[in-house]
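Asks: got a sequence here, can you build the structure:
(4 chains)
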Number of protein chains: 2
Amino acid sequence: MKKKVTLKQIARELDVSIATVSKALRDSKEISEDTRDKVKAFAKLYHYRPNNIALSLKNRKTKTIGIIIPEIVHHFFSKVIKGIEEVANKKGYNVIIGLSNESFDKEVINMEMLANGSIDGFILSISKETMLQQDYHHFNETISQGMPIVMFDRIVNEIHCDKVIVDDLKGAKKAVIKLIENQCKHIAIITTKDYVNVGRLRTQGYIEALNDYDIESQSDLILKVDDKLMSEDYIDILEQEIMDLFHKNPEIDGVFAVNELYAITTMKVARKLGKQIPEQLQVIGFTDGVLSRHAMPSLTTVSQHGKKIGIVAAELLIEKLENEVEDEQVSTVVIETELIERESTK
Amino acid sequence: MKKKVTLKQIARELDVSIATVSKALRDSKEISEDTRDKVKAFAKLYHYRPNNIALSLKNRKTKTIGIIIPEIVHHFFSKVIKGIEEVANKKGYNVIIGLSNESFDKEVINMEMLANGSIDGFILSISKETMLQQDYHHFNETISQGMPIVMFDRIVNEIHCDKVIVDDLKGAKKAVIKLIENQCKHIAIITTKDYVNVGRLRTQGYIEALNDYDIESQSDLILKVDDKLMSEDYIDILEQEIMDLFHKNPEIDGVFAVNELYAITTMKVARKLGKQIPEQLQVIGFTDGVLSRHAMPSLTTVSQHGKKIGIVAAELLIEKLENEVEDEQVSTVVIETELIERESTK
DNA sequence: TACTAACACGAAAACGTTTATGTTGAGGAT
DNA sequence: ATCCTCAACATAAACGTTTTCGTGTTAGTA
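Replies: Take a look at the predicted model:
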């Protein structure tokens, strides 16, 4: 087991100083061609690679991006990571991941763990608990220490940082308009409680779309599911609630669901009730994941372009990192959604 | 913007030496209670946190684990990551991720990038291209430099390192036996080309199960899909191949697919052909992802326990890291699969 | 001959820690 | 008065780099 070779060892072997070795390897013209070649040959032979940690310490930058997300087993988030990773890698950055598991405490701990020199900046999406508690001190502290943050998807407006979001409202509106134009007369929405930002915005888009077409929104067509309890029989409860919705409102002929799972479950319930999709019931979901693509019938959905979000977020962050401009300027980029039509609509 | 405070600054402010500050914070009894309190108060006030990079350099360990996987937008891999992260976090480790995108070159580059001091050890699953090229020099080099590696799922036996695998053969066998005992008389398998380890093993399990029940395996019931081309119309091609399989062998009444996607696609084709599931055709997949759970009908599947794999892998690695025992002992842990019965079988 | 310039290299500082090894002064023992 | 001990702190080395600032040698110039 040959340990990693360092400048010092090379220097000792070749009987020159550490400085000379370093300069030779970096092609400094201060060093004679002779010595340069000798050093390089030796370095190559022993697979010398500069120690990253030492470099980080010296340069006061780690070339590493920290990502904090609530959950990784999740199509949208992993798409975002993929986007981030792609950009980061291209620019010579590494990506280090912390999971909050939707917990405030874990979010804080993870951020503190990474903020102590391990990374140059954060890309993150806020946990539900944090949204609920509205305690944002950890973000402000990080920023005030000069470490840039880029928030995506689940953001909080009060924080002064770059943001990348989806046009949730507009996306939802597009979906509902599609249903309206497809002759749906009684459109329901399956959404989350209002404290979830995206749920609220999408619900708003739903209402606006109806209003635009002079349809009055009925509160009994709006099902707000509590997604706090992520219990085992969560799906069963969800299914039951949707079942109730249909029983109470048998006239429903269109459903807009604010995520894939709600949409799929809606289709499952519809099938149990013997409703044909899309003939008797049309369904549109949000988030274009595997479920939508491979469901039967495949699901018409509002795609969020997760990877694009990751790409933009990474670009924003790296831009901030590389140009040490003291501009406290922040920007919010909105990634347009796209309606992907499949078999669950006419 | 107040920059991060260091020992040096505290020392200067309090007019003591850096060493005194360091010792005071670490509760060294060498320092008078008086000074200790003063230092601690000051440190607390200014949110002093030791710089991770400096510590890493000093201790020659980073408390960070490197993960290299072929793809992150993938249920199985993200489950594994979740498991790793859980253990790592509990033991004070961070997790840094590199994606190979199934490419040999990216795998090598990523490993080199991380091996230069950024991490203490690797947990990885090999890219398809690497399996194909059978060039494993980067693994051997890493190991010979004293950096431990734990491989999971897609492993290569020649490498001397800890491994965590799934009992692919046995899992497949269990599935096929289930089909046999459910009275299927003509069982097909949809698998990958043989160079994919797991595909080969699962195929072998299929054959062994049949043999155990004195059924001769027919080559025309074994569909080996080429999954190299990940093109846009990949799914269409897959669908066509499965369609052909059914056309040529209309007697098929059971299908074992080596992954979720193949299984779902099989069900889609079956539906197009008007076959009732599970009455006329029973289907079992491998890998318990969202697709299996939420498909209609939901899919009976062989669960790989991805998270468990991650947990075990992380435990093995950290064990190696913390106990600097020079035991070149390596172990291979097999995680048992589990057959999860759902609606696609009787 | 004396001065200068170019060349090729070394010494040292710096990044932020921890820790082994001094150093100093006070107090107690002889 | 001398020696020793101990408390309480400082110094310095080390981790592995990069880079600034010397410094000695050689060759060229006036």
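Asks: does residue A:284 count as helix, strand or coil?
Replies: Here residue A:284 is recorded as strand under DSSP: H, G, I helix; E, B strand; the rest coil.
Asks: identify the bridge partners of it.
Replies: Counting by DSSP bridges, residue A:284 is bridged to residue A:256, residue A:300.
Asks: any part of stretch A:158-178 near chain B?
Replies: No: judged by Cβ under 8 Å from any Cβ of the partner chain, stretch A:158-178 and chain B are separated, with a smallest distance of 11.8 Å. From N, CA and C alone the C-beta is placed, and that goes for glycine too.
Asks: restricting to C-alpha, output that stretch in CSV.
Replies: This file holds the C-alpha atoms of stretch A:158-178, laid out as CSV (Å, rounded to 0.1, in the frame of the first residue of the first chain):
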residue,chain,number,x,y,z
GLU,A,158,-38.1,37.2,2.8
ILE,A,159,-34.7,35.8,2.2
HIS,A,160,-32.4,37.9,0.2
CYS,A,161,-30.9,35.4,-2.3
ASP,A,162,-31.1,34.1,-5.8
LYS,A,163,-34.1,31.9,-6.5
VAL,A,164,-35.2,29.5,-9.2
ILE,A,165,-38.9,28.7,-9.2
VAL,A,166,-41.5,27.2,-11.4
ASP,A,167,-44.5,29.3,-12.6
ASP,A,168,-46.8,27.2,-10.4
LEU,A,169,-49.7,29.5,-10.8
LYS,A,170,-49.4,29.8,-14.6
GLY,A,171,-48.7,26.1,-15.0
ALA,A,172,-51.8,25.2,-13.0
LYS,A,173,-53.8,27.7,-15.0
LYS,A,174,-52.7,26.1,-18.2
ALA,A,175,-53.7,22.7,-17.1
VAL,A,176,-57.2,23.8,-15.9
ILE,A,177,-57.7,25.8,-19.1
LYS,A,178,-56.9,22.7,-21.0
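Asks: which parts of it are buried?
Replies: Applying a neighbour-count criterion of 16 or more other Cβ atoms under 10 Å in any protein chain shown, one finds A:159, A:161-178 buried in stretch A:158-178.
Asks: any low-confidence regions in chain A?
Replies: By pLDDT under 70, the low-scoring segments of chain A are A:1, A:228-232, A:324-327.
Asks: where does chain A come near DNA strand C, residue by residue?
Replies: A:15-20, A:30-35, A:54, A:57-58, A:60 (Cβ under 7 Å from any atom of the strand).
Asks: one more time with 6 Å, if that's ok
Replies: Residues of chain A lying close to DNA strand C by Cβ under 6 Å from any atom of the strand are A:16, A:17, A:18, A:19, A:20, A:30, A:31, A:32, A:35, A:57, A:58, A:60.
Asks: how about the contacts made by residue A:143?
Replies: With Cβ atoms under 8 Å, 6 or more residues apart in numbering or on different chains as the criterion, the residues that contact residue A:143 are A:149, A:159, A:160, A:161.
Asks: that one and residue A:153, how far apart?
Replies: 19 Å (Cβ to Cβ, to the nearest Å).
Asks: one more: residue A:58?
Replies: Taking Cβ to Cβ, one finds residue A:58 at 36 Å from residue A:153.
Asks: looking at these two, which is more packed in?
Replies: The residue with more neighbours, out of residue A:58 and residue A:153, is residue A:153; 24 against 11, by other Cβ atoms under 10 Å in any protein chain shown.
Asks: isn't the more buried one up against residue A:165?
Replies: Yes: judged on Cβ atoms under 8 Å, residue A:153 makes contact with residue A:165 at a distance of 6.4 Å.
Asks: returning to what we had before: of the residues of chain A next to DNA strand C, grab the buried ones for PyMOL.
Replies: Per 16+ other Cβ under 10 Å, the buried members of the residues of chain A next to DNA strand C correspond to this PyMOL selection:
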select buried, chain A and resi 16+20+31+35+57
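Asks: hmm, which two among the residues of chain A next to DNA strand C are most spread apart?
Replies: A:32 and A:60 (32.0 Å; Cβ to Cβ).
Asks: coming back round to it: looking at the buried residues of stretch A:158-178, which are in helices?
Replies: Filtering those for membership in helices, criterion DSSP state H, returns A:168, A:169, A:170, A:171, A:172, A:173, A:174, A:175, A:176, A:177, A:178.
Asks: quick check: chain neighbours aside, which residue is closest to the first one?
Replies: It refers to residue A:168. Closest residue to residue A:168 apart from its sequence neighbours, by Cβ to Cβ, 6 or more residues apart in numbering or on different chains: residue A:201 at 3.8 Å.
Asks: and the one you found, backbone torsions?
Replies: phi -60, psi -40 (degrees, to the nearest 10).
Asks: now for it: which residues touch it?
Replies: A:168, A:169, A:172.
Asks: in a markdown table, list the contacts of residue A:143 along with distance to residue B:272.
Replies: Below are the contacts of residue A:143 laid out as a markdown table (distance: Cβ to Cβ, whole Å):
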| residue | distance to residue B:272 |
| --- | --- |
| A:149 | 49 |
| A:159 | 51 |
| A:160 | 54 |
| A:161 | 50 |
